[in-house]
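[1] Got a predicted structure here, sequence first:
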Amino acid sequence: MRLVILGSGRGSNAEAILLAQQEGRLGPARVEGIFSDQPGAGILALGPRFGVPAEFVDPAPFRTKLEGPGEARFIAAVQAARPDLVVLAGFMRVLKPGFLQAFAGRIINLHPSLLPQFPGLDGIGQALRAGVKVTGCTVHYVALEVDAGRIIDQTPVPVRPDDTLETLGGRVHAAEHALLPAVIARLSEGRMDQPRAPTSPPG
C-alpha cells in the first residue's frame, strides 16, 4: 500500500507513522510522499530525516479550504505519488468535491475526539468544556461533511477531574500516535474491511 501524508503543522502523527514504518510496524504500507500547505511546517522536515519526498504545495487563493487552483495543484502533486491511501495528519483545510472525487474512498483522517462527539476544531477543548468523563481519538474516512465520514477505529481516553487542556491533550495525542499507524497497518493487510460502530462514552 502506497501512502501519502498531508499535514499543516509540526507533524507528530506523521512522525508516528514514519517511525512505525522504520520499526516494521506498518505492515506492507510505505509512505511515498509528504505534502503541506504551509511552507515552514515542521512536517516537511520529516522528509529528509526519513528519506521520504516532502513538498510544500501552494494552496492559494483560499485560506481555510482547498478549492480552485490550490486544489488542482494538490491533486496533481498527490496523483504523481500514485497513492493507495491519503492520510490527513493535522491537515487544516476543508477538502472540497474535486479532491474527494480524485481520491474517492482512499482518504482517511485522524480526529481528537470520539466522533460523532465534538467534530470540528478544538475537539479536546470541546470535551473538557462539556465535562465528559471519556474522550479519545478517531480514524475515519473523509466525506464532504467535516468529520462525518464512516468510522474505522477509535481509542477512548479517560478525562480526569484535574485535567487541563495540556494534560488531556498529551494523553489524547499519545493515543493518536498509537492508533493511526495501527489502523494503516491493518488496512494495508486487508484486516479491517468493516467500519467500527462509534463509541458511546459515558457522560
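    Perfect, thanks for sending it.

[2] Could you use CA atoms for every contact and neighbour count after this?
    Noted.

[3] Give me the buried positions along stretch 21-28.
    21, 25-27 (16 or more other CA atoms under 10 Å).

[4] quick one: that stretch to chain centroid distance?
    Chain-centre distance of stretch 21-28: 18 Å, with CA atoms, centre = their mean, to the nearest Å.

[5] Counting neighbours, what do you get for residue 34?
    27 (other CA atoms under 10 Å).

[6] Who is it paired with across the strands?
    residue 5, residue 54 (DSSP bridges).

[7] Surely it is in contact with residue 6?
    Yes: using CA atoms under 8 Å, residue 34 is in contact with residue 6, at 5.9 Å.

[8] Now for the two: what residues contact both?
    Common contact partners of residue 34 and residue 6 (CA atoms under 8 Å, 6 or more residues apart in numbering): none.

[9] Quick check, residue 35 in contact with residue 57.
    Yes: counting by CA under 8 Å, residue 35 does reach residue 57; the two are 6.6 Å apart.

[10] who's more crowded, the two?
    residue 35 (25 against 18).

[11] ok, the more buried one - contacts?
    By CA under 8 Å, 6+ apart, the neighbours of residue 35 are 4-7, 44, 54-57, 78.

[12] what's the answer for residue 179, then?
    Counted by CA under 8 Å, 6+ apart, residue 179 has contacts 139, 153-155.

[13] The same query, at a cut-off of 10 Å, please.
    Residue 179 makes contacts with 13, 16-17, 110, 137-139, 153-155, 173, 185, as judged by CA atoms under 10 Å, 6 or more residues apart in numbering.

[14] Tell me the one among those residues nearest to residue 66.
    For the contacts of residue 179, the residue nearest residue 66 by CA to CA is residue 110; the value is 17.9 Å.
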